[in-house]
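Engineer: could you look at this predicted model? Sequence included:
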Amino acid sequence: MNIALVGLTAREEVALGMLVGKTLPGWQCLPATDGPRAPMPPADLYVVDLAGRGMARWTDAAQGELLDSLGGAPAVLVAPAFDQTWSALDALLIQGQPLVLLHKPYGVEAMRDALQQAAARAVPAPSTTLQAKKPASPGRPSAPEARAVSRPLLPVAPAPTLPPARVLPVPAPMPTVAAPVLVERTLACSEFQAQMGPLSGKPLFLRRLAESLAQQHPFELRISFVNRMIFHPGEQWAASNTPAPALAQLCRDEELAFSVEIDPIDGQDARARAARLDIPAEPLEALLWTLAHDFADPKP
């Protein structure tokens, strides 16, 4: 079985290729390297990193583009850490397409199970009754390949042996009355950048942070030898061990804020640094809300 890897980093492609080679005999990975929005190559199954595909957050347009690109093929969709927007996938559409949603960070077992689940759900149940209802017409050959099939059937283990917990369709959307509880303490990057614009009069530290977020690339703020802040806008997470008093001082003291070093880093390196420094990751929008709410108007 050929698995196309779409939107993954080179390191993720190597790791996934090793996983498939060791645990799924007869399967092989084919990296897609034509760019984030290029047509997907032919394959039996896809692994799509949504952020790498340019779809870090769910929208109607992103969902439509994704489903059109897959063309009914089975896929494992890898969503950014802490992202909940892709849970909005239309359940009615997903019922007709074998998709499994997997959030970063994931383990070896989770990815292997997701691959098997997506492949198993793509295999239609055999039906001799259906074949009996369509006898060959006189004078026409009766061939099984007369029905158009976009992709070959996939030789995988039967679905009942696989854990069903992570398989789409997703549960029914939450009632709208619950939405304010989920979003009242979050602030999107675009909103943070608008509030902390160059002429906003807000603290220099927050304005520099907003400028860095606009680059849409992972970066690290070195506050001190010990205190760091790591941001990954593409995967919508951040990690910080900088205490509130230090943040308040940065927002009061422009000279101190100007001295903070901001270094762009690789996405994989961002996760490695956070783990090495033992700094837990948190949703980016929650941290931005805290910064804007608690530190944007510092008191002398």
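Structural biologist: Perfect, thanks for sending it. Numbering: from 1, shown residues only.
Engineer: ranges for the helices of the stretch 201-300 of the chain?
Structural biologist: For the stretch 201-300 of the chain, the helices defined by DSSP state H, counting those that start in this stretch cover 204-213, 244-252, 254-259, 267-276, 284-295.
Engineer: closest to the centroid, which residue in the chain?
Structural biologist: Ala79 (1.9 Å; C-alpha atoms, centre = their mean).
Engineer: let me have the helices of the stretch 201-300 of the chain in CSV, extended by mean pLDDT and distance to Ala75.
Structural biologist: Where you see a C-beta, it was placed from the backbone N, CA and C, and this is true even at glycine. Listed next are these as CSV, based on pLDDT from 0 to 100; distance: least, C-beta to C-beta, whole Å:
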stretch, mean pLDDT, distance to Ala75
helix 204-213, 93, 30
helix 244-252, 91, 41
helix 254-259, 90, 44
helix 267-276, 86, 21
helix 284-295, 91, 26
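Engineer: for Cys189, which of those is the nearest?
Structural biologist: When these are compared by C-beta to C-beta, helix 204-213 sits nearest Cys189, at 5.2 Å.
Engineer: returning to what we had before: closest one to Met111 among the helices of the stretch 201-300 of the chain?
Structural biologist: helix 267-276 (15.9 Å).
Engineer: what lies in contact with that closest one?
Structural biologist: 9, 11-12, 105, 218, 220, 228, 230-232, 234-235, 239, 265, 280-281 (C-beta atoms under 8 Å, 6 or more residues apart in numbering).
Engineer: out of the residues you listed, what pair is the most spread apart?
Structural biologist: The span of those, defined through C-beta to C-beta, is set by Glu12 and Arg228 at 23.9 Å.
Engineer: what does the strand or helix carrying Leu66 rub up against?
Structural biologist: Following DSSP states H and E, one finds Leu66 within helix 60-70. For helix 60-70, contacts defined as C-beta under 8 Å, 6+ apart pick out 39-40, 46, 48, 50, 53, 55, 77, 89-90, 93, 97, 99.
Engineer: so where is the stretch 51-200 of the chain shaky, pLDDT-wise?
Structural biologist: Along the stretch 51-200 of the chain, the parts satisfying pLDDT under 70 run over 90-96, 122-184.
Engineer: what about 80?
Structural biologist: 81-84, 87-97, 104-107, 121-184, 199-200 (pLDDT under 80).
Engineer: got the domain ranges for this structure?
Structural biologist: 2-124+152-173, 182-295 (automatic domain parsing).
Engineer: of the contacts of helix 60-70 - the most surrounded one?
Structural biologist: Compared across the contacts of helix 60-70, Leu99 has the highest neighbour count, 28 neighbours, by other C-beta atoms under 10 Å.
Engineer: from Ala114, how far out is that residue?
Structural biologist: Noted for Leu99: a distance of 10 Å to Ala114, by C-beta to C-beta, to the nearest Å.
Engineer: joint contacts of those two?
Structural biologist: Common neighbours of Leu99 and Ala114 (criterion: C-beta under 8 Å, 6+ apart): Val76.
Engineer: on that earlier part again, alpha carbons of whichever helix or strand comes after the helix holding Leu66, in CSV - could you do that?
Structural biologist: Using DSSP H and E, the next helix or strand after helix 60-70 towards the C-terminus is strand 75-79. Taking Å, rounded to 0.1, in the frame of the first residue of the first chain, the C-alpha atoms of strand 75-79 are listed here in CSV:
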residue,chain,number,x,y,z
ALA,A,75,-6.6,9.8,5.1
VAL,A,76,-5.2,10.5,8.5
LEU,A,77,-5.5,14.2,9.2
VAL,A,78,-2.9,15.6,11.6
ALA,A,79,-4.1,18.7,13.4
